[in-house]
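A.B. asks: sequence isn't available, so here's the structure alone:
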């Protein structure tokens, strides 16, 4: 069996597979059948531009201390560290997960002083944002921060990981435990003038097939919005390790900026649970198009940020440097 799928610049040839994401042949038709394209429409001869990408789950505005450690984990003690890690690492584009609206506004305000602008909307509220109250439900933002000195924003939007992605997600959908969404954007690199398609998301903690269904929505929305077949990047907390069926499926169309097995000691984690111990819980990812060497990656790492016994989050940010 051979089938072609195009995720607007991401071409996947599936040969003799039993189905995507562990689905059977009968279920395979649930994924969008799209016409193969010719790849990016603009591969100009300008010199490549270096840029940095970060994925950062900042942890919701929790006020509960870590039960086993008694550590200060509330947002008020961590928020300056969240700003500092972005300020110090200077990523060009940052995918933020798990930010309550109040946290999102804080990051927007503080990081504006360091040259960042922000795009994104709360998962459950896309209009009348002034009506949102502190800690109101369904107000997490899965947004994107970017440096207009390095990239120019051409277009952007949001969608929910639900049966109706064009509408806010006010109650959990697709069998998920929480409301989930994503932000997409088209950026033009200021120096090379090449354009990229960027998605930031956060998949649910529920077991299969929920994450596969959410990934299907992302694939469909990428196909819908990336009409110029631009090379794509996806950042997010996927709540899935690299050996999962979902990640194996994603790796068919994407390169992973930092596979757990690529690290020398093979003991590296992105989810830390406010503890220093290294584990193999590598569930945050930066994905980028398989690109015939047009996109190059120079470096990647987990950024461990602490101030005494205060952790920046229960996830470490991850960071990668590319050229295109």
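C.D. replies: Right, received. Where do you want to start? On a predicted model such as this, the values are computed, not experimentally measured, just so you know.
A.B. asks: could you pull out the helices for the stretch 201-324 of the chain?
C.D. replies: 210-225, 245-253 (DSSP state H, counting those that start in this stretch).
A.B. asks: give the residue spans of the stretch 101-250 of the chain that score low on pLDDT.
C.D. replies: Residue ranges of the stretch 101-250 of the chain with pLDDT under 70: 134-138.
A.B. asks: quick one: contacts for residue 123?
C.D. replies: Residue 123 makes contacts with 138, 139, 140, 141, 142, 160, 168, 169, 179, 180, 181, as judged by Cβ atoms under 8 Å, 6 or more residues apart in numbering. No exception for glycine: its C-beta is placed from N, CA and C like everyone else's.
A.B. asks: residues contacting the second one?
C.D. replies: Translated: residue 139. Residue 139 touches 100, 101, 122, 123, 124, 125, 132, counting by Cβ under 8 Å, 6+ apart.
A.B. asks: tell me the gap between stretch 179-188 and the middle of its chain.
C.D. replies: Chain-centre distance of stretch 179-188: 8 Å, with Cα atoms, centre = their mean, to the nearest Å.
A.B. asks: go on, stretch 120-138?
C.D. replies: 20 Å.
A.B. asks: burial check on the nearest residue to residue 99 once chain neighbours are set aside, number of neighbours?
C.D. replies: Distance criterion Cβ to Cβ, 6 or more residues apart in numbering; nearest residue to residue 99, sequence neighbours excluded, is residue 141 at 4.8 Å. By other Cβ atoms under 10 Å, the residues close to residue 141 number 28.
A.B. asks: equivalent analysis for residue 299, please.
C.D. replies: 11.
A.B. asks: please name the residues that touch the closest residue to it other than its chain neighbours.
C.D. replies: Nearest non-adjacent residue to residue 299, counting by Cβ to Cβ, 6+ apart: residue 321, 4.6 Å away. When the contact criterion is Cβ under 8 Å, 6+ apart, the partners of residue 321 are 50, 51, 52, 53, 297, 298, 299, 300.
A.B. asks: from the residues you listed, list just the buried residues.
C.D. replies: 51, 52, 53, 297, 300 (16 or more other Cβ atoms under 10 Å).
A.B. asks: where exactly do the strands run in the stretch 101-250 of the chain?
C.D. replies: With DSSP state E, counting those that start in this stretch as the criterion, the stretch 101-250 of the chain has strands at 117-119, 140-141, 144-146, 151-160, 181-189, 195-202, 231-237.
A.B. asks: out of those, nearest to residue 62?
C.D. replies: strand 140-141 (12.4 Å; Cβ to Cβ).
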